[in-house]
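Engineer: 3D, please:
(2 chains)
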Amino acid sequence: MHRRDSGSGIVVDPAVRDELRDNIRPTPWRNPVPADRYGLVVVGAGAAGLAAAREAADSGVRVALVERDLLGGDRLNFGCEPSKALVRTARAYAQMRDARRYGAAAPQQVEVDFHAAMERVLQLRARLSRATSPRMLKEAGIDLFFGHAMFKAPDRLDLDGVRLRFDKAVIATGAEPDVPDIPGLRDVGYFNNETIFGIDALPRRMLVIGGGPLGCELAQVFRRFGSSVIIVQHMPLFLPHEERDAAQILSVAFARDGIEVRLNTEVTAVRRVDGEIRADLRSDDYVTSVAADALLVGTGRVPRVDDMGLDAAGVRHDAVHGIRVDEHLRTDNPAIYAAGDACTAHRFTHVAEATGRMAAANALRGEKHVLSDLVIPWCTYTDPEIAHVGLYVREAMRRGIAVSTSTIPLHVVDRAVLDGDDVGFIKLHVADGSDRILGATIVSRCAGELIGQVTQAMVNGIGVRGLARVIHPYPTESSAIGAAARAWCREHPVSPRNE
Amino acid sequence: MARSTSWRANELPPTLRVKVPKTIHNSAAAATVAHAAAIDADDVQSLPGVTDDAQLDAWQRAAFDYFPRNRNPANGLFFDTSRAGSPVSIAVVGFALSSYPVAVERGWIDRAEAIEHCAAALRFFRDSNQDGSDGATGYKGFYFHFLDRDAGTRVWRCELSMIDTALLVVGALAASRYFDADTPAEEELRQIADQLYRRVDWRWSQDGGSTIMQGWKPECGFLHYGWEGYSEAIVLYVLALGSPTHPIGDDCYRAWTSTYQWENLYGQDFLYAGPLFIHQFSHAWIDFRGIRDRFMRAKQCDYFENSRRAVHVQRAYACINPRGHAGYDEDCWGFSACEGPSDEVQGADAEPRHLFGYAARGVPYGPDDGTLSPPAVLASLPFEPELALAAIRTMCERHPGIVHEHAFTSGFNADLRDRSGRAWVSPGLFGLDQGIIVMMIENHRTGLPWKLMRGCRWIVEGLHRAGFDGGWLDTAARNGEQA
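Structural biologist: As a prediction, the model looks like this:
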């Protein structure tokens, strides 16, 4: 028998909710008796902390993992996983409405079951949480503590009165939503990435503040569920760090979905009037007001570094950059390292995991892995997805590196055409005078999958000529990577002298 | 008085029927700019065996006729469009000032009348209110983008526009270069043009940043977005670098060009910009054949050759026609800033549409709503004459309605047709379109605008400061050409 979950209004199978609770924050819970001293104490059980703890446990080190709130961190609870679950459901609805484009009959009427979508999110979270459940961590040899950790000395922290001594520590406390300074925002109430997945009903009208990855993904999701969505971005384009063409394609995609796009626009004030939210917008000198039933703030996140006694541990930090670390992720305290969103500029789950492993390896085994050596891809999971790895052209030019780009629009890629997903491109950025791949940007429905191939080439020092030799199955979108590489090779033939 | 241009597409002389390859020509990167350095400065090719020069003459004259027909004799200003009540566009004034020399040279207008028209406009700007208020015409030597047709003051709360001011000022300099006689009228014209140029505070337009801002408003100051990527702004930067009074720093041009993207697209290596007008506007005045800045030297190309490649990219896209719009092919292209239908227009079928009205259409990332720009095709004439002529001829044959009052309309869209099967056509004429047609046909026929501006010391100085060298620029430097 299903019941309506208290607080969220979503109908869920009690067993699902119980499993999720048991896997992320079991109640009741009793912390283990701490060891006299740990080889490694990890603060924070998100992606970075879990990776660091596992790395330590795999090395045979006695390790304690401390979590203040929920196991799994943003990835499982507030970020990647719930949002991608919703993205998938939203895409299904979009495809139903757009069925004729695929040669299929469109349903007479597409009825959206928002509760079913949210229930699916919970089910998937419960399933995915098994890998990092307390039971699994215990089996891995990790002592799991729930509580509020406070450093008391360079080699010691207290956990609600329990003392944990360590040889080394990794701080992986993640990040939290940034709250923009908009008059009235706190009074009217708003959702952010930590609360939106608990929303109990589909809002009729949603105002999204912020055109970064979170804002863009969820604006499209809620529009596809049927909300009227206005997205407000203070910059001239969405995803301001991405290539202009990618952001332009996203703007067109939003228009296609029926999202009202307000670029170059700031929200100057919000208030509640007659039960609805009114937001004042300003674009240069034009001032307008829009109404909404829900407000989603997606203006980024800031490192979570306060209220844990970092000063007592001799760990330098600030509210903007988080914990200060060197190239090896070591803090000012040589026994303490940091990893993930708490210290890196690239706030992605995969970067958190990679830096978690790196921090543990450097701390415990004296290895010298360097943060800047990481080749970091990332992806925004809109439709189409926008993925990037390495340098942007403007970055390369600023560094004085001459660069040429080989571009394959997806409308010349057979598989993309066959799939009806031919809006996008693959761009390989190559250093002039060599075949070194500096970076790549991919806009495609499966950009997140494709970017891995370019990343693999970059990590292993494979140049464009090597990439051009790779045979891809036909028909696949990945063949476009080979096509881009071969196009570059055609324009840069190897001279006989150099062969 | 304009001569009648009663040409109809189906009466084209056989010499206009150009044979064009059915496949897209993928020029190798090696086939770059060797031609350019070898071109004598005065050796601009006509069209032997390709076209009837009289036909170009008719198109060009019809385009020029826009200006005397769409000006306010009371203040000398030129209207943005031919539509009733249209405001003035300062960029259109710049194109007008540049077009009168062509018209005089070709005997379409009396020299004295041309001087009178040009001087009237220049006098207006010289005497205009420059206090930057809502009721002003300009500020710091720049001007608001659109002006009231009668009062010449700001309308629509538009921005003080840096690029449009540049187009106005370069037009003034072009006129001053042509009207070089020692007469009081022509001396006055030259003096005002010089005064307007010297008055522009280009350095202020950086707002302390590394590049020139796009605009400024009295209500909110500088618009908070700048230029990124290749655009029509080279002429803006050249003017700003060449200024004897308020020049920008050398690093400003480098900062802007550091946002360029050199791409290989459809087999063409080129400096990417989607809309065609970007590859044309600065070229209306500046002869880029054989001269190169740092970026182009590194790429072994020049901006003229780059525009030629842009034509091929446009044709390639039209042949692929990924969005399945009506009529695109190798002789039907021209994605640029132009007017198309908007969503308010009822389509011929019930399919949902996304129509963008007046927009900068581009390839390959759009927007692409089925609208093409005939003027952009004609303005490609200097770069790829055979392809441009074949395309404009084909477009005229298929859509006779694009020729309006003997001149080319801004845009058409063959997806939308009336009951007689005629494509949607933009009503009226746009001054920018007519100006670029006059100038680019002339550059193709005689190179007059290029010749005029090659002798403009401010342009030469600006190009040098931007890092250009080679070709005619080296000759100009040796000869110490002065304007």
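Engineer: residue A:247: helix or strand, and which one exactly?
Structural biologist: helix A:244-257 (DSSP states H and E).
Engineer: what does that helix rub up against?
Structural biologist: A:94, A:216, A:219-220, A:223-224, A:231, A:237-240, A:261, A:263, A:382-384, A:386, A:388, A:423-425, A:441, A:443, B:228-229, B:354, B:365-367 (Cβ atoms under 8 Å, 6 or more residues apart in numbering or on different chains). The way it works is simple: take the backbone N, C-alpha and C, and place the C-beta from them, glycine included.
Engineer: strands - which of these land there?
Structural biologist: Counting by DSSP state E, the part of those found in strands is A:231, A:261, A:386, A:388, A:425, A:441, A:443.
Engineer: confidence-wise, which of these comes last?
Structural biologist: Least confident of the ones in strands among the contacts of helix A:244-257 in the model: residue A:261, at 90.
Engineer: nearest residue to it in space, please, no chain neighbours.
Structural biologist: Nearest non-adjacent residue to residue A:261, counting by Cβ to Cβ, 6 or more residues apart in numbering or on different chains: residue A:254, 5.3 Å away.
Engineer: and the one you found, how many neighbours?
Structural biologist: Neighbours of residue A:254 under the rule other Cβ atoms under 10 Å in any protein chain shown: 22.
Engineer: over to residue A:418?
Structural biologist: So residue A:418, with other Cβ under 10 Å, has 10 neighbours.
Engineer: now the residue nearest to the spatial centre of chain A: closest residue in space that isn't a chain neighbour?
Structural biologist: In chain A, the residue lying closest to the centroid (Cα atoms, centre = their mean) is residue A:348, at 4.4 Å. Computed as Cβ to Cβ, 6+ apart, the closest residue to residue A:348 that is not its neighbour in sequence is residue A:378, at 5.3 Å.
Engineer: then residue A:234?
Structural biologist: residue A:266 (5.0 Å).
Engineer: so which residues of the stretch 101-250 of chain B form helices?
Structural biologist: Secondary structure of the stretch 101-250 of chain B (DSSP state H, counting those that start in this stretch): helices at B:111-127, B:162-178, B:184-199, B:234-242, B:250-257.
Engineer: and these as a markdown table, adding distance to residue B:393, mean neighbour count and mean pLDDT?
Structural biologist: A markdown table is the format used below for the helices of the stretch 101-250 of chain B (distance: least, Cβ to Cβ, whole Å; neighbours: other Cβ atoms under 10 Å in any protein chain shown; pLDDT from 0 to 100):
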| stretch | distance to residue B:393 | mean neighbour count | mean pLDDT |
| --- | --- | --- | --- |
| helix B:111-127 | 31 | 20 | 98 |
| helix B:162-178 | 29 | 27 | 98 |
| helix B:184-199 | 38 | 18 | 98 |
| helix B:234-242 | 30 | 26 | 98 |
| helix B:250-257 | 36 | 19 | 93 |
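Engineer: list the contacts of the nearest residue to residue A:61 once chain neighbours are set aside.
Structural biologist: Leaving aside its chain neighbours, residue A:61 sits nearest to residue A:39 (3.7 Å; criterion: Cβ to Cβ, 6+ apart). Residue A:39 makes contact with A:56, A:61-63, A:166-168, A:364, according to Cβ under 8 Å, 6+ apart.
Engineer: send me the helix or strand hosting residue A:39 as CSV with only the CA atoms.
Structural biologist: Element membership of residue A:39 [criterion: DSSP H and E] is strand A:38-43. The C-alpha trace of strand A:38-43 is given here as CSV (Å, rounded to 0.1, in the frame of the first residue of the first chain):
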residue,chain,number,x,y,z
TYR,A,38,42.8,7.0,12.4
GLY,A,39,45.1,6.9,9.5
LEU,A,40,42.6,9.1,7.7
VAL,A,41,39.5,11.0,8.8
VAL,A,42,37.3,12.2,6.0
VAL,A,43,34.8,15.0,6.7
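Engineer: that one - which strands sit beside it in the sheet, and in what orientation?
Structural biologist: strand A:63-67 (parallel), strand A:162-171 (parallel) (DSSP bridges).
Engineer: residues making contact with the next helix or strand after it?
Structural biologist: Note on strand A:38-43: by DSSP H and E, the next helix or strand toward the C-terminus is helix A:47-58. Under the contact criterion Cβ under 8 Å, 6+ apart, helix A:47-58 has outside partners A:39-40, A:42-43, A:45, A:63, A:65, A:67, A:71-75, A:132, A:137, A:140-142, A:170, A:172, A:174, A:339-342, A:349-350, A:352-357, A:359-361, A:364.
Engineer: any of those residues buried? List them.
Structural biologist: A:39-40, A:42-43, A:45, A:63, A:65, A:67, A:71-75, A:132, A:137, A:140, A:142, A:170, A:172, A:174, A:339-342, A:349-350, A:352-357, A:359-361, A:364 (16 or more other Cβ atoms under 10 Å in any protein chain shown).
Engineer: does the closest residue to residue B:448 other than its chain neighbours lie in a helix or a strand, and which?
Structural biologist: Nearest in space to residue B:448, with sequence neighbours left out and distances taken as Cβ to Cβ, 6+ apart, is residue B:442 at 5.1 Å. In this structure, residue B:442 sits in helix B:431-445 according to DSSP H and E.
Engineer: what packs against that helix?
Structural biologist: Applying 3 or more Cβ pairs under 8 Å, 6 or more residues apart in numbering or on different chains; DSSP states H and E, we find helix B:431-445 packed against helix B:53-69, helix B:90-105, helix B:374-378, strand B:407-408, helix B:448-454.
Engineer: pick the most buried one from the strands paired with strand A:38-43.
Structural biologist: The highest mean neighbour count among the strands paired with strand A:38-43, using mean count of other Cβ atoms under 10 Å in any protein chain shown, belongs to strand A:63-67: a mean of 28.
Engineer: tell me which helix or strand comes right after that one.
Structural biologist: helix A:73-77.
Engineer: packing partners for that next one?
Structural biologist: helix A:47-58, helix A:114-128, helix A:349-365.
Engineer: restricted to buried residues, select the contacts of helix A:244-257 in PyMOL.
Structural biologist: To isolate the buried subset of the contacts of helix A:244-257 in PyMOL, counting by 16+ other Cβ under 10 Å, use the following:
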select buried, (chain A and resi 94+216+219+220+223+224+231+237+238+239+261+263+382+383+384+386+388+423+424+425+441+443) or (chain B and resi 228+229+365+366+367)
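Engineer: counting neighbours, what do you get for the residue of the stretch 151-300 of chain A found nearest chain B?
Structural biologist: Chain B sits closest to residue A:285 of the stretch 151-300 of chain A, with a gap of 3.5 Å, by Cβ to the nearest Cβ. Neighbourhood size, residue A:285 [other Cβ under 10 Å]: 13.
Engineer: residue B:220 too?
Structural biologist: Neighbour number of residue B:220 under other Cβ under 10 Å is 14.
Engineer: CA-only coordinates of the helix holding residue A:247 in PDB, if you can.
Structural biologist: Provided in PDB are the C-alpha atoms of helix A:244-257 (Å, rounded to 0.1, in the frame of the first residue of the first chain):
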ATOM      1  CA  ARG A 244      28.900  31.300 -27.800                       C
ATOM      2  CA  ASP A 245      27.500  29.000 -30.500                       C
ATOM      3  CA  ALA A 246      26.600  26.300 -27.900                       C
ATOM      4  CA  ALA A 247      24.800  28.900 -25.800                       C
ATOM      5  CA  GLN A 248      23.000  30.200 -28.900                       C
ATOM      6  CA  ILE A 249      21.800  26.700 -29.800                       C
ATOM      7  CA  LEU A 250      20.500  26.400 -26.200                       C
ATOM      8  CA  SER A 251      18.600  29.700 -26.500                       C
ATOM      9  CA  VAL A 252      16.900  28.400 -29.700                       C
ATOM     10  CA  ALA A 253      16.100  25.100 -28.000                       C
ATOM     11  CA  PHE A 254      14.500  27.000 -25.100                       C
ATOM     12  CA  ALA A 255      12.400  29.000 -27.600                       C
ATOM     13  CA  ARG A 256      11.300  25.800 -29.300                       C
ATOM     14  CA  ASP A 257      10.200  24.400 -25.900                       C
END
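Engineer: okay then, goodbye and thanks.
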